[in-house]
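Asker: here is a sequence with its predicted model. Questions after.
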Amino acid sequence: MNAVSLVGTGEARVIETREPQKLPGELLLKVEMVGLCGTDLNSFRGRNPLVTVSPYTSCGQCASCRRGRFNACRDNQTFGVQRDGALTEWITVPEEKVYPSSSLSLKELCLVEPLTVGVHAVARGRVASDDIVVVFGCGGVGLGAIAGAAFRGARTIAVDLDDAKLETARAAGATDLIHSAREDFRTRLREITQGHGPDVVIEAIGLPETFRGGVEEVAFTGRVVYIGYAK
(Lines give C-alpha, C1' and ligand atoms only; values in the text may rest on other atoms or scores of the structure.)
Protein backbone atom coordinates (compact mmCIF):
# COMPACT_ATOMS: atom_id res chain seq x y z
CA MET A 1 0.00 0.00 0.00
CA ASN A 2 1.01 3.66 -0.32
CA ALA A 3 2.01 5.89 2.59
CA VAL A 4 3.42 9.40 2.99
CA SER A 5 6.69 9.39 4.90
CA LEU A 6 8.67 12.38 6.22
CA VAL A 7 12.18 11.45 5.08
CA GLY A 8 13.99 14.70 5.81
CA THR A 9 13.64 18.41 6.40
CA GLY A 10 11.22 19.77 3.83
CA GLU A 11 10.94 16.41 2.09
CA ALA A 12 7.91 14.14 2.21
CA ARG A 13 7.67 11.13 -0.08
CA VAL A 14 5.05 8.58 -1.09
CA ILE A 15 6.47 5.15 -0.32
CA GLU A 16 5.35 1.55 -0.60
CA THR A 17 4.85 -0.23 2.69
CA ARG A 18 3.22 -3.39 3.99
CA GLU A 19 -0.47 -3.35 4.86
CA PRO A 20 -0.88 -3.59 8.66
CA GLN A 21 -2.08 -6.84 10.15
CA LYS A 22 -5.00 -6.58 12.55
CA LEU A 23 -4.38 -8.00 16.00
CA PRO A 24 -7.08 -9.24 18.38
CA GLY A 25 -9.08 -6.31 19.74
CA GLU A 26 -8.09 -4.01 16.87
CA LEU A 27 -9.97 -2.64 13.88
CA LEU A 28 -8.55 -2.23 10.37
CA LEU A 29 -9.54 1.24 9.15
CA LYS A 30 -9.31 2.70 5.65
CA VAL A 31 -7.98 6.27 5.84
CA GLU A 32 -10.04 8.82 3.89
CA MET A 33 -8.67 12.07 5.33
CA VAL A 34 -6.03 13.08 7.87
CA GLY A 35 -5.87 16.29 9.93
CA LEU A 36 -2.45 17.94 10.28
CA CYS A 37 -1.48 20.18 13.20
CA GLY A 38 1.23 22.79 13.78
CA THR A 39 3.52 20.12 15.19
CA ASP A 40 3.36 18.26 11.87
CA LEU A 41 4.24 21.43 9.96
CA ASN A 42 7.17 22.12 12.30
CA SER A 43 8.37 18.56 11.76
CA PHE A 44 8.24 19.04 7.99
CA ARG A 45 10.24 22.25 8.36
CA GLY A 46 12.85 20.47 10.49
CA ARG A 47 11.94 22.25 13.73
CA ASN A 48 10.63 19.18 15.52
CA PRO A 49 11.96 15.63 15.23
CA LEU A 50 8.54 14.02 15.78
CA VAL A 51 5.28 13.89 13.84
CA THR A 52 2.42 13.28 16.27
CA VAL A 53 -1.01 12.14 15.22
CA SER A 54 -3.67 11.15 17.75
CA PRO A 55 -5.05 8.94 19.11
CA TYR A 56 -2.69 7.62 21.75
CA THR A 57 -2.69 4.04 22.89
CA SER A 58 -2.39 2.97 26.51
CA CYS A 59 -1.37 -0.22 28.29
CA GLY A 60 -4.08 -0.15 30.95
CA GLN A 61 -1.64 -1.49 33.55
CA CYS A 62 0.81 1.25 34.54
CA ALA A 63 0.27 3.70 37.42
CA SER A 64 -1.11 6.42 35.13
CA CYS A 65 -3.61 4.09 33.48
CA ARG A 66 -4.77 2.71 36.83
CA ARG A 67 -5.53 6.29 37.88
CA GLY A 68 -7.54 6.88 34.70
CA ARG A 69 -4.84 9.13 33.18
CA PHE A 70 -4.53 7.13 29.97
CA ASN A 71 -3.02 10.08 28.09
CA ALA A 72 0.01 9.83 30.41
CA CYS A 73 0.53 6.08 29.92
CA ARG A 74 4.11 4.99 30.58
CA ASP A 75 3.99 2.69 27.54
CA ASN A 76 2.08 5.05 25.25
CA GLN A 77 2.30 4.34 21.52
CA THR A 78 1.48 7.57 19.66
CA PHE A 79 0.74 7.51 15.94
CA GLY A 80 3.62 9.06 14.02
CA VAL A 81 6.05 8.77 16.95
CA GLN A 82 6.41 5.35 18.59
CA ARG A 83 4.35 3.75 15.81
CA ASP A 84 3.64 4.61 12.18
CA GLY A 85 1.25 7.49 11.53
CA ALA A 86 -1.96 7.71 9.55
CA LEU A 87 -0.74 9.19 6.25
CA THR A 88 -1.33 5.86 4.59
CA GLU A 89 -4.15 3.83 3.08
CA TRP A 90 -4.89 1.56 6.03
CA ILE A 91 -4.18 1.68 9.76
CA THR A 92 -4.96 -0.58 12.69
CA VAL A 93 -6.45 0.96 15.83
CA PRO A 94 -7.49 -0.60 19.15
CA GLU A 95 -11.27 -0.92 19.03
CA GLU A 96 -11.80 1.04 22.25
CA LYS A 97 -9.99 4.04 20.69
CA VAL A 98 -12.48 4.34 17.80
CA TYR A 99 -15.32 6.87 18.19
CA PRO A 100 -17.78 6.58 15.28
CA SER A 101 -19.92 9.57 14.30
CA SER A 102 -23.01 9.70 12.14
CA SER A 103 -23.26 13.50 12.16
CA LEU A 104 -19.77 14.92 11.51
CA SER A 105 -18.22 15.30 8.07
CA LEU A 106 -14.69 14.10 7.27
CA LYS A 107 -13.33 17.65 7.59
CA GLU A 108 -15.07 18.11 10.92
CA LEU A 109 -13.72 14.80 12.17
CA CYS A 110 -10.18 15.93 11.30
CA LEU A 111 -10.65 18.86 13.69
CA VAL A 112 -11.77 16.76 16.64
CA GLU A 113 -8.30 16.13 18.09
CA PRO A 114 -6.96 19.72 18.23
CA LEU A 115 -10.29 21.08 19.47
CA THR A 116 -10.56 18.47 22.21
CA VAL A 117 -7.05 19.34 23.42
CA GLY A 118 -8.38 22.81 24.19
CA VAL A 119 -11.55 21.44 25.77
CA HIS A 120 -9.40 19.16 27.95
CA ALA A 121 -7.44 22.22 29.11
CA VAL A 122 -10.72 23.84 30.16
CA ALA A 123 -11.56 20.74 32.21
CA ARG A 124 -8.11 20.74 33.83
CA GLY A 125 -8.59 24.41 34.67
CA ARG A 126 -11.89 23.58 36.38
CA VAL A 127 -13.62 26.40 34.50
CA ALA A 128 -17.02 27.35 35.92
CA SER A 129 -19.78 29.68 34.75
CA ASP A 130 -18.73 32.48 37.13
CA ASP A 131 -15.09 32.48 35.94
CA ILE A 132 -13.32 34.92 33.68
CA VAL A 133 -11.05 32.94 31.36
CA VAL A 134 -8.31 34.27 29.09
CA VAL A 135 -6.92 32.15 26.25
CA PHE A 136 -3.55 33.11 24.75
CA GLY A 137 -3.53 31.98 21.11
CA CYS A 138 -6.45 31.44 18.75
CA GLY A 139 -5.19 28.59 16.62
CA GLY A 140 -7.03 25.29 16.47
CA VAL A 141 -6.15 24.28 20.03
CA GLY A 142 -6.88 27.72 21.45
CA LEU A 143 -10.23 27.80 19.69
CA GLY A 144 -11.10 24.51 21.37
CA ALA A 145 -10.32 26.10 24.74
CA ILE A 146 -12.42 29.17 23.88
CA ALA A 147 -15.36 27.06 22.77
CA GLY A 148 -15.04 24.83 25.84
CA ALA A 149 -14.94 27.78 28.25
CA ALA A 150 -17.84 29.51 26.51
CA PHE A 151 -19.85 26.27 26.62
CA ARG A 152 -19.44 26.27 30.40
CA GLY A 153 -20.81 29.82 30.55
CA ALA A 154 -17.54 31.59 31.44
CA ARG A 155 -16.69 35.07 30.23
CA THR A 156 -13.95 34.24 27.75
CA ILE A 157 -11.19 36.57 26.56
CA ALA A 158 -9.24 35.72 23.40
CA VAL A 159 -5.72 37.14 22.87
CA ASP A 160 -3.94 36.97 19.53
CA LEU A 161 -2.01 39.01 16.93
CA ASP A 162 -4.21 38.10 13.98
CA ASP A 163 -7.53 39.85 13.24
CA ALA A 164 -8.95 36.88 11.33
CA LYS A 165 -8.15 34.49 14.18
CA LEU A 166 -9.74 36.84 16.68
CA GLU A 167 -12.93 37.01 14.62
CA THR A 168 -12.99 33.21 14.48
CA ALA A 169 -12.52 33.23 18.25
CA ARG A 170 -15.57 35.49 18.57
CA ALA A 171 -17.57 33.00 16.51
CA ALA A 172 -16.33 30.22 18.83
CA GLY A 173 -17.72 32.04 21.86
CA ALA A 174 -15.16 34.63 22.97
CA THR A 175 -16.86 37.58 24.68
CA ASP A 176 -13.81 39.87 24.59
CA LEU A 177 -10.99 40.19 22.06
CA ILE A 178 -7.50 41.58 22.69
CA HIS A 179 -5.17 42.27 19.75
CA SER A 180 -1.87 42.16 21.62
CA ALA A 181 0.09 43.92 18.85
CA ARG A 182 -2.15 47.00 19.02
CA GLU A 183 -2.92 47.20 22.72
CA ASP A 184 -1.27 46.15 25.95
CA PHE A 185 -2.97 42.94 26.95
CA ARG A 186 -2.08 43.42 30.61
CA THR A 187 -3.87 46.77 30.76
CA ARG A 188 -6.92 45.38 28.95
CA LEU A 189 -7.06 42.32 31.23
CA ARG A 190 -7.05 44.53 34.30
CA GLU A 191 -9.82 46.66 32.81
CA ILE A 192 -11.98 43.65 31.98
CA THR A 193 -11.39 41.97 35.36
CA GLN A 194 -11.61 45.21 37.40
CA GLY A 195 -8.01 44.78 38.46
CA HIS A 196 -8.36 41.27 39.87
CA GLY A 197 -6.97 39.31 36.91
CA PRO A 198 -8.62 36.35 35.16
CA ASP A 199 -9.67 33.33 37.20
CA VAL A 200 -8.19 30.94 34.61
CA VAL A 201 -5.41 31.45 32.07
CA ILE A 202 -5.01 28.94 29.24
CA GLU A 203 -1.76 29.28 27.28
CA ALA A 204 -1.99 27.82 23.78
CA ILE A 205 1.03 29.43 22.10
CA GLY A 206 4.21 28.19 23.74
CA LEU A 207 6.29 31.37 24.03
CA PRO A 208 8.32 32.34 27.10
CA GLU A 209 6.57 35.71 27.31
CA THR A 210 3.09 34.15 27.34
CA PHE A 211 4.27 31.54 29.86
CA ARG A 212 5.31 34.37 32.17
CA GLY A 213 2.27 36.45 31.34
CA GLY A 214 -0.08 33.70 32.44
CA VAL A 215 1.47 33.48 35.91
CA GLU A 216 1.83 37.24 36.26
CA GLU A 217 -1.73 38.12 35.26
CA VAL A 218 -3.83 35.34 36.78
CA ALA A 219 -5.94 36.24 39.82
CA PHE A 220 -4.80 35.20 43.28
CA THR A 221 -5.78 31.52 43.78
CA GLY A 222 -6.49 31.36 40.04
CA ARG A 223 -5.46 28.51 37.73
CA VAL A 224 -3.00 28.46 34.83
CA VAL A 225 -3.05 25.68 32.22
CA TYR A 226 -0.20 25.37 29.72
CA ILE A 227 -0.89 23.64 26.42
CA GLY A 228 1.85 25.15 24.26
CA TYR A 229 5.51 24.37 24.82
CA ALA A 230 8.45 26.77 24.55
CA LYS A 231 10.65 26.15 21.49
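Answerer: Thanks, I have it. These numbers were taken from a predicted model, which means no experiment stands behind them. Numbering: from 1, shown residues only.
Asker: is it true that residue 84 touches residue 1?
Answerer: No. In this structure, residue 84 is not within contact of residue 1 by C-beta atoms under 8 Å, at 11.4 Å. No exception for glycine: its C-beta is placed from N, CA and C like everyone else's.
Asker: between those two, which contacts overlap?
Answerer: residue 17 (C-beta atoms under 8 Å, 6 or more residues apart in numbering).
Asker: who's more crowded, the two?
Answerer: Neighbour comparison, residue 84 and residue 1: the larger count goes to residue 84, with 16 against 12 (by other C-beta atoms under 10 Å).
Asker: tell me the contacts of that one?
Answerer: Here residue 84 is in contact with 3, 17, 20, 91 (criterion: C-beta under 8 Å, 6+ apart).
Asker: just to be sure, residue 143 is in a helix?
Answerer: Yes. Counting by DSSP: H, G, I helix; E, B strand; the rest coil, residue 143 is part of a helix.
Asker: ok, the residue nearest to it when sequence neighbours are not counted - how many residues close by?
Answerer: Nearest residue to residue 143, sequence neighbours excluded (C-beta to C-beta, 6 or more residues apart in numbering): residue 172, at 4.9 Å. By other C-beta under 10 Å, the residues close to residue 172 number 23.
Asker: spit out the contact partners of residue 74.
Answerer: By C-beta under 8 Å, 6+ apart, the contact list for residue 74 reads 59, 62, 63, 64, 65.
Asker: give the buried residues for the helix or strand of the chain with the lowest mean pLDDT.
Answerer: None of the helices or strands of the chain scores lower by mean pLDDT, DSSP states H and E than helix 38-44, at a mean of 76. Neighbour counts over helix 38-44 (16 or more other C-beta atoms under 10 Å) mark 39, 40, 43, 44 as buried.
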